[in-house]
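K.L.:
what follows is a predicted structure for the sequence shown.
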Number of protein chains: 2
Amino acid sequence: MSELVGNVLVGQSGGPTSVINASVAGVIAEALNHECIDEIYGTLNGVLGLLNEDFIDLAAESQQQIRALRHTPGAALGTCRYKLKKQQDFERVLEVFKAHNIRYFFYIGGNDSQDTADKISKLAQAQGYELRVIGVPKTIDNDLPVTDHCPGYGSVIKYLATTVREVACDSQAMGQGDLVSIIEVMGRSAGWIAAGAALAKRRDHPHDPPHLILLPEVPFNQEKVLADVAKVLKREKFCSIVVAEGLVDSDGNYIAASTATDAFGHAQLGGAGDALASIIEGKLPGVKVRVAKPGLVQRAAAHAASKTDADEAYLAGQAAVIAAINGETDKMVTLVRGQTEAYSCETGLAPLSDIANGVKLLPPEWINEDGVSMNFQFARYAQPLIQGEVAVPHENGLPTYAQLQKTKVEKRLPTYEIV
Amino acid sequence: MSELVGNVLVGQSGGPTSVINASVAGVIAEALNHECIDEIYGTLNGVLGLLNEDFIDLAAESQQQIRALRHTPGAALGTCRYKLKKQQDFERVLEVFKAHNIRYFFYIGGNDSQDTADKISKLAQAQGYELRVIGVPKTIDNDLPVTDHCPGYGSVIKYLATTVREVACDSQAMGQGDLVSIIEVMGRSAGWIAAGAALAKRRDHPHDPPHLILLPEVPFNQEKVLADVAKVLKREKFCSIVVAEGLVDSDGNYIAASTATDAFGHAQLGGAGDALASIIEGKLPGVKVRVAKPGLVQRAAAHAASKTDADEAYLAGQAAVIAAINGETDKMVTLVRGQTEAYSCETGLAPLSDIANGVKLLPPEWINEDGVSMNFQFARYAQPLIQGEVAVPHENGLPTYAQLQKTKVEKRLPTYEIV
């Protein structure tokens, strides 16, 4: 393998997480170790930056700020949901890469982003432009195939399990067998996130909150859920429910939409949590329901991030650079769990196309027969991912997060019209 | 003053906070210092326990658990919203006190609870039963008069300011001048909590999030808010809004109710945040709105509590016992801010009746002229209250909270029928 001399470009895409910036920090830290790398650029807002030549000079940032990326939520380079579609767009990206001598491209994101990276990589190969493209996994949804788990997932479930436990303290104090407390969590099509809330239960305490987890994988059965709630309320002072935003009825319709659309057909207000609250209050007289919907809070809660998760996100960024330096391209870094009893994790590589076209479902056999709780296999899988706390520096009582200076890289091409 | 020998009873009432248990810990720790105190009991679920003779023996709890109360959210003794009304109820309470030789009663709560404590105290005096009653302030609403601030308030605003800052990282990454991110916070009639989110702004960065704070004190003016949002979206990548659940229109109607009631008059789903989202999406085409509603999460988020707040809650519990031992009764412990530049706080006492019948409003002169931000006077008031982080022990990746063993105290009276 010949040494490839040139510049690095790193980008972020899709929904932010608590640890996506840790992967950027890993890329930068590792890139600085290699002499064949001249400049380290970041693309602003993912593919938008690729098309608009909107790059910043990451080597110009202070070490302090780069270190702070390891605990900063959001996506410091900006992200986007724009998808490259037209051939013309891809051609433009390659032109931009050539103009800036980008030889190493690291793209941190989920399925769509890895698909984009794959296409850019393939086009470069077709045109004989030497480019090494390595994807870095990122998604709170934990739905990427091949990799054991995804950076971002451990932190969101750690935050939610913490929150379930804390709200349970509150509801237990208030309830007299008449209080239902609902937390609506993210997860449109898969229950990975909702399932993670199960970690709030202490080992061998199956009656600990959350009492019911309503997953998108288990169609909503109103009679059964109402009976379950009544049963819990009889046993406990309160009933703690975690519901995935993507909960559907047996016809596959979102319960949020079916219940909350008003008579004029206005867009639904609220979501699955409010819809469920309305059903429970309507059918179980005397029961009070409180709904919390953390929304974006859950994926941004870096002050409660998992150290394991943040460290693995950083490691994945480093591994991407090492792989590229070693001549790899068109691959995504994966996390590979060790076979030993004690948890260990190292990185591997998988073809980008395998990632782009697959999706990892929550194994149905990890859901208990009651349909509203997770079994020990899930706990064994998820527990290690939330271990350890990230020490976020506080100033004046609040966590302080990185603020990049964002020194713009001079543009070299005519403006491109995104249509 | 003669030494009063007898038993202590401590109770909690109203909505839990992150630090109400710290006050219980303070009461217990201090009570143990005094020989005139025989037993230390807790009443379960506030006045319900008073009527039902539902007491637990707090001295029987392990020191470990009592120490853990200093960082445990919720209300470990249970709380209630039941109000003593009938004379018969008050007579029963006194009977119960006499049966258990309760000579020191400490009640931790807000206005209503202090009112209850006041009435119990006055009845005891009228009957010549020597009883010392001291209230301990508690409320995230921060609306008790006389006291400079209330235990519970610092922690809720610390959590919310943290959350605003974190969600801003997320929204800044996603927005392209088209994203509005709303966080709906508690506060039915006063904006103390919403105002506290202003602390998320760095000093001398008025354009930092939250960009708009919508207080119950400032009637909702749709045109102005839409213009404000448009202005922020032009200047920033996103617009961060904190809205109090109690936001009202110029007629004093909750905007949540007026907008979200469906055509059948069904109870409104969602709240002020959803209502506001619906207005913004309807009137500003192309703008996407995301709503988060932390709900109970905000007042239970002990993992992000303010150390200053937790310490003051503990101090208030201790001060209550010391005051009672010193012969005081029918008073509430207040927090008194020092006059020096550097923040300091000690405790004082105020008549319970002064607390019960008053309410502390957010000073209108602390709201900027724009109606959507707070001035330096508010910052100077609130900033000290969020200082310091509580070190919550974690086990297996999650915070661990006190679980009292709750050894029941034997009942001595016939059952009382609560009607």
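P.N.:
Nice, I can see it. Numbering: from 1, shown residues only, chains lettered A, B, ... in the order given.
K.L.:
where along the stretch 251-400 of chain A do the strands fall?
P.N.:
Under the criterion DSSP state E, counting those that start in this stretch, strands of the stretch 251-400 of chain A are mapped to A:288-292, A:331-337, A:345-351, A:394-395, A:398-399.
K.L.:
right, is stretch A:341-360 up against chain B?
P.N.:
No. Stretch A:341-360 lies apart from chain B when judged by C-beta under 8 Å from any C-beta of the partner chain; the minimum separation is 11.2 Å. Every C-beta, even on glycine, is put in place using the N, C-alpha and C of the backbone.
K.L.:
avg pLDDT for that stretch?
P.N.:
Throughout stretch A:341-360, pLDDT has a mean value of 95.
K.L.:
repeat that for stretch A:2-19.
P.N.:
Across stretch A:2-19, the average pLDDT comes to 95.
K.L.:
lowest mean pLDDT among the helices and strands of chain A, which one is it?
P.N.:
One helix or strand of chain A scores below all others by mean pLDDT, DSSP states H and E: helix A:255-260, with a mean of 66.
K.L.:
picking up where we left off before, with mean neighbour count added, can I get the strands of the stretch 251-400 of chain A in TSV?
P.N.:
As requested, these are arranged in TSV below (neighbours: other C-beta atoms under 10 Å in any protein chain shown):
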stretch	mean neighbour count
strand A:288-292	21
strand A:331-337	23
strand A:345-351	17
strand A:394-395	12
strand A:398-399	22
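K.L.:
got these as a markdown table, with distance to residue A:167 columns?
P.N.:
Output for the strands of the stretch 251-400 of chain A, formatted as a markdown table (distance: least, C-beta to C-beta, whole Å):
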| stretch | distance to residue A:167 |
| --- | --- |
| strand A:288-292 | 7 |
| strand A:331-337 | 30 |
| strand A:345-351 | 30 |
| strand A:394-395 | 24 |
| strand A:398-399 | 21 |
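K.L.:
mind checking which of the ones you listed is nearest residue A:304?
P.N.:
Proximity to residue A:304, assessed across the strands of the stretch 251-400 of chain A by C-beta to C-beta, is greatest for strand A:398-399 (10.0 Å).
K.L.:
do the closest one and chain B meet?
P.N.:
Yes. Counting by C-beta under 8 Å from any C-beta, chain B has neighbours in strand A:398-399: A:398, A:399.
K.L.:
how about whichever residue of the stretch 1-150 of chain A sits closest to chain B, nearest residue that isn't a chain neighbour?
P.N.:
Nearest to chain B, among the residues of the stretch 1-150 of chain A, is residue A:74, at 2.8 Å (C-beta to the nearest C-beta). Among residues not flanking residue A:74 along the chain, residue B:169 sits closest, at 2.8 Å (C-beta to C-beta, 6 or more residues apart in numbering or on different chains).
K.L.:
flag every residue of the stretch 101-250 of chain A that's near chain B.
P.N.:
Checking the stretch 101-250 of chain A against chain B by C-beta under 8 Å from any C-beta, the hits are A:158, A:161-163, A:165-174, A:176, A:181, A:183, A:199-200, A:203, A:237.
K.L.:
now, which of those lie within helices?
P.N.:
A:158, A:161-163, A:165-174 (DSSP state H).
K.L.:
just put those residues in TSV and tack on neighbour count and pLDDT.
P.N.:
Listed next are these as TSV, based on neighbours: other C-beta atoms under 10 Å in any protein chain shown; pLDDT from 0 to 100:
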residue	neighbour count	pLDDT
A:158	30	98
A:161	27	98
A:162	27	98
A:163	27	98
A:165	27	98
A:166	28	98
A:167	31	98
A:168	25	98
A:169	23	98
A:170	28	97
A:171	23	97
A:172	21	97
A:173	26	97
A:174	24	94
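K.L.:
looking at these, spot the one nearest residue B:70.
P.N.:
residue A:169 (13.6 Å).
K.L.:
which ones are touching that closest one?
P.N.:
By C-beta atoms under 8 Å, 6 or more residues apart in numbering or on different chains, the contact set of residue A:169 is B:16, B:72, B:73, B:74, B:76, B:300, B:302, B:401.
K.L.:
mind giving me the PyMOL select for those, buried ones only?
P.N.:
The buried residues among the contacts of residue A:169 can be selected in PyMOL (16 or more other C-beta atoms under 10 Å in any protein chain shown) with this line:
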select buried, chain B and resi 16+72+73+74+76+300+302+401
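K.L.:
nearest to chain A among the contacts of residue A:169?
P.N.:
The closest of the contacts of residue A:169, once distances to chain A are taken by C-beta to the nearest C-beta, is residue B:74, at 2.8 Å.
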